[in-house]
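Novice: Build me a structure from this.
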Amino acid sequence: MMLIDTHCHVISQDLARYPRAPIGGKQSEWADSRPVTAEEMAARMDETGIRQAVLVQATTAYGYDNSYVLDSTRQRPDRFVAVGTFDPLRPDAASALESAIRDDGLAGVRLFTSGSTVPVQGEWFAAPETFAFWEKAGELDVPVCLQMRLGPATKQLEEVLERFPGVRVLLDHIGYPDIAPSPAAAGHDVAELARHPGLYLKLTHRNLERLRDVGKEAAGFIEPVLEAFGAGRITWGSNLPAAEQSLPELLRLAEEVLAEVREADREEIFAGTARRLYPGLTAG
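Specialist: Next comes the predicted model:
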């Protein structure tokens, strides 16, 4: 089965060429304690049997400077495509996005509205000042990864999806749904969002660990979400090295949690969806 990792981060050891500029001025702990270069990522992929990967900008290391993920993909276009962090509030957002995609070579962009170094969920991604960005993203058919938490900003997410139905939004870590108290309730809430055809889900260890921990109850989350979205709108990402486990362990976790999912659907989750979201991957 073809394997593509849609969510991994790379960090250079060359601080002079790629200086750290974390968003909000605060670097995440993992970026400092266990960084992985692009060369090391390729080696770990080889060991794990993963053919290609999406290098998602390490926002908590480089902020909006996407130089390293872009340089890494230029050096290994057979293995990588790049998703860079973007500021949709900048006055020239539409033209800057077009340049980032057509000239720089980004395969997608990421809006970092919440995370380990941004504890308060931002709602700015749905502000009127971002509308030009969203319109251009739809025009260019560029997937937008959205790092956010469901609940605090679900309303804003749905406002964007309704106003810009032609935009494909890939929800990082499925928006961190609260699976542990009730997998079925969490699954129902996520499944409700499937009515927006432009919304895609990125399944990572942030969700998979919770699903593993609840055992058989995981089906209460997986089944309604899979039925509502279809495997063609769900993709897997390891989140290495933000995740502490090794890449083989992260892949094994996903395979174990999805063991009861039919093979055709697993093929979509582990590769098919990624190749449609990022056509550059099909060349490898």
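Novice: Pretty sure Ser12 sits against Tyr18.
Specialist: Yes. Using C-beta atoms under 8 Å, Ser12 is in contact with Tyr18, at 4.2 Å. For the C-beta atoms, the positions are set from N, CA and C on the backbone; glycine is no exception.
Novice: what sits in contact with each of the two?
Specialist: Tyr68 (C-beta atoms under 8 Å, 6 or more residues apart in numbering).
Novice: Just want to know which of these two has more residues nearby.
Specialist: Higher neighbour count among Ser12 and Tyr18: Ser12, with 22 against 17, using other C-beta atoms under 10 Å.
Novice: give the contact list for the more buried one.
Specialist: Tyr18, Thr37, Ala38, Tyr68.
Novice: Give me the pLDDT for the last one.
Specialist: Yep, that's Tyr68 we're talking about. On pLDDT, Tyr68 comes in at 98.
Novice: What count of nearby residues applies to it?
Specialist: 24.
Novice: Now do the helix or strand encompassing it: everything it contacts.
Specialist: For Tyr68, the enclosing helix or strand under DSSP states H and E is helix 67-75. Residues from elsewhere that reach helix 67-75, judged by C-beta under 8 Å, 6+ apart: 10-12, 17-18, 38, 55-57, 62, 80-84, 104-107.
Novice: now with 10 Å?
Specialist: Residues from elsewhere that reach helix 67-75 (C-beta atoms under 10 Å, 6 or more residues apart in numbering): 9-12, 14, 17-19, 37-39, 41-42, 53-58, 61-62, 79-85, 100, 104-107, 280.
Novice: now swap in stretch 252-264 and tell me
Specialist: Contacts for stretch 252-264 (C-beta under 10 Å, 6+ apart): 1, 3, 5, 48, 203-205, 207-212, 216, 218-219, 221-223, 226, 231, 234, 236-238, 243, 245-246, 265-266, 268-270, 272.
Novice: Buried residues, it. List them.
Specialist: Under the neighbour-count criterion of 16 or more other C-beta atoms under 10 Å, stretch 252-264 has Leu253, Ala254, Glu255, Val257, Leu258, Val261 buried.
Novice: on that earlier part again, just the buried members of the contacts of helix 67-75?
Specialist: With burial judged by 16+ other C-beta under 10 Å, the buried subset of the contacts of helix 67-75 is 9-12, 18, 38, 41-42, 53-58, 61-62, 79-85, 100, 105-107, 280.
Novice: Let's see which of these end up in helices.
Specialist: Taking DSSP state H, the ones among the buried ones among the contacts of helix 67-75 that sit in helices are Ala38, Met41, Ala42, Ala61, Tyr62.
Novice: Nearest residue to the second one in space, please, no chain neighbours.
Specialist: By the measure of C-beta to C-beta, 6 or more residues apart in numbering, the closest residue to Met41 outside its immediate chain neighbours is Val10, 5.3 Å from it.
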